[in-house]
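[1] Okay, predicted coordinates and the sequence, questions at the end:
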Amino acid sequence: MAKGESGRIVLEVNPELKKKLYSILAFEQLTLKDWFIESAEKHIKDKGAELLKSIEQNQNEI
């Protein structure tokens, strides 16, 4: 899938998955955009910390 320079992210997913996700988000009073941003920021934070730890461990082994 192409990665452009805009701030848009376009995904094609199974319609049943989309329906279930929107149902749960409505119950939680979240928009898809809010949920995605929250999830993406958490993922970046978690994986960034893991990556930093891995780099530090590799440097200590040298």
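    Cool, the structure landed.
[2] I'd like the mean pLDDT over the longest helix that the chain contains, please.
    The longest helix of the chain (DSSP state H) is helix 32-61. For helix 32-61, the mean per-residue pLDDT is 89.
[3] So which residue is dead centre in the protein?
    Ala40 (3.0 Å; C-alpha atoms, centre = their mean).
[4] what's near enough to touch it?
    Shown in contact with Ala40 (C-beta atoms under 8 Å, 6 or more residues apart in numbering): no residues. Backbone N, C-alpha and C define where each C-beta goes, glycine included.
[5] Ile9 versus that one, what's the distance?
    9 Å (C-beta to C-beta, to the nearest Å).
[6] Quickly list what's touching both of the two.
    Common neighbours of Ala40 and Ile9 (C-beta under 8 Å, 6+ apart) do not exist.
[7] what does stretch 26-33 rub up against?
    Stretch 26-33 is contacted from outside by 21-22, 25, 35, 38, using C-beta under 8 Å, 6+ apart.
[8] So which of these is the closest to Val13?
    Leu21 (8.1 Å; C-beta to C-beta).
[9] For that closest one, give me its contacts.
    Leu32.
[10] And it, how close does it get to Leu51?
    Distance from Leu21 to Leu51, by C-beta to C-beta: 28 Å.
[11] cool, and Leu25?
    29 Å.
[12] between those two, which one's more packed in?
    Leu25 (16 against 10; other C-beta atoms under 10 Å).
[13] Does Ile24 lie in a helix or a strand, and which?
    Using DSSP states H and E, Ile24 sits in helix 15-27.
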